[in-house]
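J.: A predicted structure for the sequence below; I have some questions about it.
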Amino acid sequence: MDFDWSVEHFTSDNELLPADALDRAKYAEYLTHFLVGKGHTHKDNPNSGHYVLNLNAEWGAGKSYFLKRWAEDLKQHYPVVYIDAWQQDYSDDPLLTAVSAMINQLRVQAGKDADKTIFKAPRKMLGLLKAAAPAAIAGIVKRYAGFDFQEIMQAADDALGTVTDEHTGKEIDLSKAASAMVKSLLDDHDAKAQAIQALKEQVKQWVGAVVGLNGQSEHPKNYPAFILVDELDRCRPSYAVEMLETIKHIFDIPRVVFVVATDTEQLQHTVKALYGEGFDAHAYLGRFFNSRYTLKTPSLEKLLPVHCEVHKLSKEYLEGRGIISWPDLDYPPEANDLPEKGNLKNLIAVFDAYKLNARLALQVTERLICSIDSLKPSQHINLVYLAFLMCLREANYPLFKAFLNNKNLSGNFRYESRPISIDETLRELLDLSDKKIIIHLAPSQIVPVFTPENTGDRYFNRRFNEYCKMNYQGNLSEFINRVHPYIFSLNAQKDIDQCMRNLGQNKNQGQSTSDARLFGSWVSIYTSFNRNNNHTIDFYKDLVELSACLDSGDAE
C-alpha cells in the first residue's frame, strides 16, 4: 500500500483531513504491514489472527488525525471500522457502541441495504447488553423461582428459613428459592456464553460480506478487518475499562485486529480513578494489549503551525496591523538557510528553556496570539519577553510576582517566610545553558555614528558605525537580563551611554556579532528605542494575567 498524505482528503463523512504536516504517513505504512501479518490465521491454529495494539501518543501528537487518515487508506484494501469512544460514551454500553459501529460501517463497505438480514444483530445479544441485565435477571428469577427478585434480596441478611409472599400470603422456602436462583443464574451464564459465540459468528459474517466483494469491486478487500478505537482516554473511567473488557472477552475473533489509540499515561490515571491511586494501572492495562506502539511527539516547529495561527506572530502580520514588534519571533534566515529554518526559533528557545510539553507550549502560543489581537495600532511589544513571562507564570507563580516587582534580578524575594534569590531560582527552574536567540539587527540605522557625545569619552574620535546588518546571536538569559531593567524603568540613559561606549570602543565591529557583551549592549539599545513610554512592566503584567484566564481545550 502507498500512503500519500501530502494532500488534503475528504472522508466518507465529508470531513476534511488536511495535508499531513507532521510526517506521520510512514507510521501508517509500518503498522499496516505489521498488523496484516498479525491478523492472518495459521493452518495449525484456526483461532489465531486476533491482535490488540495500543497506539500510544501524547497529547498533540495527532492521534485522531492519524487514525482517521489511516482508516481512509485502509478501506481501499481491508474492512475497517472507526469508533470514536468518547463521542459515544453517553450510551453507557461499550458493546452496543462497538456493534452499532460495525453494523453501520461494514454494511456500507459491503454495499448492502439496511434491511439485509446479514447485517442484523443477533437476538441472543440482548442478554449481553448492560442495560438489559438487571431486568433480565429479575425476570429469570420470577419465572424459575416464582417470587419477586427484590423481595428475596431484601431478605438476604436473614437466616435461611421462610418468608411470606405479601401478594399470595404463602410461605416461601428460602433454601429452595436460593437453589432455584443459583440454577437460573447458571442458565443465564450459559445463555451469555452462547450469545457471545453467536455475536462472534455474526461479526465474522459482517467482515466476510466485505471481503466477499472481490471481483465485484474496484478495490478488492482482504483480511484482516481493522477496528480502530479512538479517544478512549477521554471517556468516563468506568466506560473506558468496560470497553477494554469488551474487546478482550467478546471480540477476540480470528482475523480481526484492534487498534486502541490512547495517551496511555492519561489512561492509567483514568484506571486509578476507578480502582484507587495505589492500583497498578500499568500492569492492569498490559492485560488488554498484545503490544504497544508509541507515536513520537512532533517537534514544536512542526506542531505549532498545525494547531495555532502562527502567521499572527510574523513580522509581516504585525506590520500590517501597525504593531511595532521587536525582536521577531520568526527572524529572517541567513542567505544560505532554507526559508523555514528560522520559523519561530526564538519562541521555541523560550519554550525549551522551560521544558514545556506540547500542551502547554500550544497554550502559551494561543495566549500570545490573543494578546496580539488585543493590541491597538502603534503599540510596541517585545514578544520574546512576553512569552518568557507567560511561561514563568505557569512554572512558578511566586517567582513570577517577584520578577515583576524587582528591577534588579540579583535581589531576593520572600517565600514561606524565607528569603530566596531571584536569579538563583531562575537558574534552577530554567535550562538556560545553551538556549540561544537570534535577532536581526541593522545597527547603523539606530546609531549611524559613534561620537564623543554619545560615548561619554572626550578623547574618543568620531567614527561611523560599522556593525553589519545581519542576525546577531546571544544567550536567552543575557537577553532577559538586558531587557527587563529597561521595561521595568524609564530611567535608563546612563546605562545606554555605557552600552554606546562598549560598542564604539570595539576595534573589530563587523566581526563581533557573537560577543556576549556586545550582543547585550545592542539588546539594551534596541529595547530603549523600541519601547513605548506607556508600556512598562504593568503593561506586560496585564497582558500575562488577562491571557492566563484562557485555557485551551483537549481537542487535538
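T.: Perfect, thanks for sending it. The structure presented is a predicted model; accordingly, all values stated were derived computationally and were not measured.

J.: going forward, measure contacts between C-alpha atoms and count neighbours the same way
T.: Will do.

J.: quick one: Trp70 from His77, how far?
T.: From Trp70 across to His77, the span is 12 Å (Cα to Cα, to the nearest Å).

J.: So those two - more neighbours on which side?
T.: Counted by other Cα atoms under 10 Å, Trp70 and His77 do not tie: Trp70 has more neighbours, with 22 against 17.

J.: so who does that one touch?
T.: Neighbour list for Trp70: Ala28 [criterion: Cα atoms under 8 Å, 6 or more residues apart in numbering].

J.: Need the per-residue pLDDT for it.
T.: Predicted confidence (pLDDT) for Trp70: 96.

J.: Poorly predicted segments of the stretch 1-150 of the chain, please.
T.: Residues of the stretch 1-150 of the chain meeting the criterion pLDDT under 70: 46-47, 114-117, 123-127, 129-150.

J.: Tell me, how many residues neighbour the closest residue to Thr270 other than its chain neighbours?
T.: The shortest distance from Thr270 to any non-neighbouring residue, by Cα to Cα, 6 or more residues apart in numbering, is to Pro237 (5.2 Å). The tally of other residues near Pro237 (other Cα under 10 Å) stands at 19.

J.: Is Pro237 in contact with Leu274, as I believe?
T.: Yes - Pro237 sits in contact with Leu274 when judged by Cα atoms under 8 Å, with a separation of 6.0 Å.

J.: Pull up the per-residue confidence for the nearest residue to Ala349 once chain neighbours are set aside.
T.: Distances taken as Cα to Cα, 6+ apart put Lys435 closest to Ala349, at 5.8 Å, once the chain neighbours are dropped. Reported pLDDT at Lys435 in the predicted model: 86.

J.: hey, where'd the strands end up in the stretch 451-556 of the chain?
T.: Along the stretch 451-556 of the chain, counting by DSSP state E, counting those that start in this stretch, strands occupy 463-464, 470-475.

J.: mind listing what the first one pairs with, with the direction of each?
T.: If you go by DSSP bridges, strand 463-464 pairs up with strand 449-450 (antiparallel).

J.: Contacts for the partner strand, please.
T.: Residues contacting strand 449-450 (Cα under 8 Å, 6+ apart): 462-465, 500, 504.

J.: hmm, 7 Å instead?
T.: 462-465, 504 (Cα atoms under 7 Å, 6 or more residues apart in numbering).

J.: mean confidence for it?
T.: Here the average pLDDT along strand 449-450 is 80.

J.: Any buried residues in stretch 307-322, and which?
T.: 310, 312-315, 318, 321 (16 or more other Cα atoms under 10 Å).

J.: Any chance of the residues you listed in TSV with pLDDT, distance to Leu35 and secondary structure as columns?
T.: Listed next are these as TSV, based on pLDDT from 0 to 100; distance: Cα to Cα, whole Å; DSSP: H, G, I helix; E, B strand; the rest coil:
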residue	pLDDT	distance to Leu35	secondary structure
Val310	90	37	helix
Lys312	92	42	helix
Leu313	91	42	helix
Ser314	89	43	coil
Lys315	87	47	helix
Leu318	92	49	helix
Arg321	93	51	coil
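
J.: Kindly indicate which of the residues you listed lies nearest Thr32.
T.: Val310 (33.6 Å; Cα to Cα).

J.: which non-adjacent residue is nearest the closest one?
T.: Val310 sits nearest to Leu304 (Cα to Cα, 6+ apart), 7.0 Å away.

J.: From what I see, the one you found and Leu362 are in contact.
T.: Yes - contact criterion Cα atoms under 7 Å: Leu304 and Leu362 qualify, at 6.5 Å.

J.: nearest to Leu518, of the strands of the stretch 451-556 of the chain?
T.: Counting by Cα to Cα, Leu518 lies closest to strand 470-475 out of the strands of the stretch 451-556 of the chain; the figure is 9.4 Å.

J.: what helices or strands is the closest one leaning on?
T.: When contacts are defined as 3 or more Cα pairs under 7 Å, 6 or more residues apart in numbering; DSSP states H and E, strand 470-475 sits against strand 436-441.

J.: Can you list the strands that the strand it packs on pairs with?
T.: Sheet partners assigned to strand 436-441 using DSSP bridges are listed as strand 470-475 (antiparallel).

J.: next one: the partner strand to chain centre, how far?
T.: 33 Å (Cα atoms, centre = their mean, to the nearest Å).

J.: three-state assignment of the spatially most central residue of the chain?
T.: Geometric centre of the chain, nearest residue: Trp59, 1.8 Å, by Cα atoms, centre = their mean. Here Trp59 is recorded as coil under DSSP: H, G, I helix; E, B strand; the rest coil.

J.: Got phi/psi on it?
T.: Per-residue torsions, Trp59: phi -60, psi 130 (degrees, to the nearest 10).

J.: Distance of it relative to Arg359?
T.: 7 Å.

J.: can you check His380 too?
T.: In terms of Cα to Cα, His380 sits 28 Å off from Arg359.

J.: higher neighbour count, the two?
T.: His380 (19 against 16).

J.: what sits against the more buried one?
T.: The contact partners of His380, taken as Cα under 7 Å, 6+ apart, are 323-325, 530-532.

J.: Give me the nearest residue to it, chain neighbours excluded.
T.: Here the residue nearest His380, using Cα to Cα, 6+ apart, is Ile324, at 4.6 Å.

J.: Put together JSON lines for the contacts of His380, with pLDDT, distance to Lys204 and neighbour count on each row.
T.: Shown next, in JSON lines, are these (pLDDT from 0 to 100; distance: Cα to Cα, whole Å; neighbours: other Cα atoms under 10 Å):
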{"residue": "Ile323", "pLDDT": "92", "distance to Lys204": "63", "neighbour count": "18"}
{"residue": "Ile324", "pLDDT": "88", "distance to Lys204": "65", "neighbour count": "19"}
{"residue": "Ser325", "pLDDT": "89", "distance to Lys204": "63", "neighbour count": "21"}
{"residue": "Asn530", "pLDDT": "74", "distance to Lys204": "70", "neighbour count": "16"}
{"residue": "Arg531", "pLDDT": "70", "distance to Lys204": "70", "neighbour count": "20"}
{"residue": "Asn532", "pLDDT": "67", "distance to Lys204": "71", "neighbour count": "16"}
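
J.: okay if I get those as TSV plus distance to His484?
T.: Shown next, in TSV, are the contacts of His380 (distance: Cα to Cα, whole Å):
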residue	distance to His484
Ile323	20
Ile324	18
Ser325	16
Asn530	13
Arg531	12
Asn532	14
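
J.: Counting neighbours, what do you get for the residue nearest to Ile103 when sequence neighbours are not counted?
T.: In space, and not counting its chain neighbours, Ile103 is closest to Phe119: 5.9 Å by Cα to Cα, 6+ apart. Applying other Cα under 10 Å, we find 21 residues neighbouring Phe119.

J.: Perfect, that will be all.
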